[in-house]
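Visitor: need coordinates for the following:
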Amino acid sequence: MDANEIAKMAQIASALEVSGYPKPGNVHRTRDFDDMEFEDFIISGIVIGDTIREACSDVDVENPQLGKYILQAVAETDRWIKNNTNLGIVMMTTPIAVAAAVSDSFDDIRENVKLLMSNTSVDDACDLYDAINIADAGGMGDQDEYDVASDNAKNELRENGQTMYDVLKISAPWDMLAREMTSDMPAVFEIGYPTYHRLKEEKSKTDACVLTFLTILSQVPDTLISRKYGSDEALKISMMTRDLLNLKDADDFGERLEEFDDYLFNNKYNPGTTADLTAASIFVSYLKSNFD
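Guide: From the prediction side, this is the model:
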């Protein structure tokens, strides 16, 4: 698939994800946070386009340089927005985009994500650490091994020959994005993308986005919440989401959705990982439509 088209779809997916409202617990078009606002995310979605296009041009499958492009996209975002709006989206979108660029059909993408991730390098790992530090994002390295905040982190990676795939595999037990990127993305390809792809034919774009977000959250506890408040709290939010989703056809669903959004916001439960998975799912849906 053409690199220009892939980049456009990545930008569209980023914009559609943040535009869905009321997407519980996250920034959306009717909800800003104190340190970031809706427009920040729109800008972030736009400025990654050039990097995605470059990443998808003349791909070397043996050395796809995924870390380089993740860092490049995050650094470009940082030029325009001074907080972490899209590290997770960039981490998910980049390997999917590059996989699409080297795939002959949509059905090849998921397998090519696995191939590209397995071909990441130590340089990719170091670039990923730099991207995480630019975004000032916790979670990937707040454990004992290869702490991204450590001054010696990259030296340790090089000494031990740890690739980007290796360090994400270490992070996978406590970080859902790392888990997705090292296990052929089951939440995106088996839950999020099929849900959005069906709903976008039946619902408005915002309803398709919100219902996809709720579907993912109902089945996959958000690790941003679990890192802040513990796995029991993350599971509780998922169960509450499941109960809400069961009422999606009720006359007062819209009111219940807004109440849930208020509840998560007021209690500082931010399912940010789920938002990243939703953006990736929308992206995959657009890739599917354009391959067909």
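
Visitor: hmm, Leu211 is touching Lys248, no?
Guide: Yes. Between Leu211 and Lys248 there is a contact at 6.7 Å, judged by CB atoms under 8 Å. (Glycine included, C-beta is placed from N, CA and C.)

Visitor: who's more crowded, those two?
Guide: Taking other CB atoms under 10 Å, Leu211 and Lys248 do not tie; Leu211 has more neighbours (20 against 14).

Visitor: show me what contacts that one?
Guide: 195, 199, 203, 245, 248 (CB atoms under 8 Å, 6 or more residues apart in numbering).

Visitor: helix/strand/coil for it?
Guide: Under the three-state scheme (DSSP: H, G, I helix; E, B strand; the rest coil), Leu211 adopts helix.

Visitor: one step back: just the buried residues of the contacts of Leu211.
Guide: Among the contacts of Leu211, the ones that count as buried by 16 or more other CB atoms under 10 Å are 195, 199, 245.

Visitor: excluding sequence neighbours, find me the nearest residue to the second one.
Guide: If I follow you right, that is Leu199. Sequence neighbours aside, Ala208 is the residue nearest to Leu199 in space, at 3.9 Å (criterion: CB to CB, 6 or more residues apart in numbering).

Visitor: for Tyr269, see how far away the one you found is.
Guide: 23 Å (CB to CB, to the nearest Å).

Visitor: for Ser121, same thing?
Guide: 37 Å.

Visitor: any low-confidence regions in this protein?
Guide: For the chain, residues meeting the criterion pLDDT under 70 lie at 137-151, 292.

Visitor: the residue most distant from the middle of it, which is it?
Guide: Ranked by distance from the centre of the chain (CA atoms, centre = their mean), the top residue is Asp251, with 31.5 Å.

Visitor: sec struct for that residue, please.
Guide: Three-state call for Asp251 (three-state DSSP): coil.

Visitor: got the contact list for Ser14?
Guide: 41, 44-45, 48, 86, 89, 93, 279 are the contacts of Ser14 under CB under 8 Å, 6+ apart.

Visitor: so it is in which element?
Guide: Per DSSP states H and E: Ser14 is located in helix 3-19.

Visitor: mind listing what the residue nearest to Leu199 touches?
Guide: By CB under 8 Å, 6+ apart, the neighbours of Ala208 are 20, 196, 199-200, 202.

Visitor: torsion angles phi and psi at Pro221?
Guide: Here is the backbone geometry of Pro221 (degrees, to the nearest 10): phi -50, psi 140.

Visitor: equivalent analysis for Tyr269, please.
Guide: With angles defined as degrees, to the nearest 10, Tyr269 sits at phi -90, psi 110.

Visitor: verify the stated contact: it with Gly230.
Guide: No. Counting by CB under 8 Å, Tyr269 stays clear of Gly230, with 11.6 Å between them.

Visitor: tell me the angle of the longest helix along the chain relative to helix 3-19?
Guide: Assignment by DSSP state H gives helix 272-291 as the longest helix of the chain. Orientation check (axes from the mean of the first three to the mean of the last three CA atoms, to 10 degrees): helix 272-291 against helix 3-19 gives 140 degrees.

Visitor: so what secondary structure elements neighbour helix 272-291?
Guide: If contacts are counted by 3 or more CB pairs under 8 Å, 6 or more residues apart in numbering; DSSP states H and E, helix 272-291 sits against helix 3-19, helix 87-101, helix 176-181, helix 193-199, helix 205-219, helix 223-229.

Visitor: hey, where'd the helices end up in the stretch 51-200 of the chain?
Guide: 66-80, 87-101, 109-118, 122-135, 153-160, 164-171, 176-181, 186, 193-199 (DSSP state H, counting those that start in this stretch).

Visitor: just to revisit the earlier point, what about Tyr269 and Gly230, which has more around it?
Guide: Between Tyr269 and Gly230, counted using other CB under 10 Å, the more crowded position is Tyr269 (20 against 11).

Visitor: please name the residues that touch the more buried one.
Guide: Applying CB under 8 Å, 6+ apart, we find Tyr269 in contact with 25, 225, 229, 233, 237, 263.

Visitor: neighbour-wise, which of those residues leads?
Guide: That'd be Gly25 among the contacts of Tyr269, by other CB under 10 Å, with 29 neighbours.

Visitor: number of residues surrounding the spatially closest residue to that residue that is not a sequence neighbour?
Guide: Excluding the flanking residues, the one nearest Gly25 by CB to CB, 6+ apart is Leu264, at 3.2 Å. Neighbours of Leu264 under the rule other CB under 10 Å: 22.

Visitor: before we move on, what SS does Leu264 have?
Guide: Look at Leu264: counting by three-state DSSP, its state is helix.
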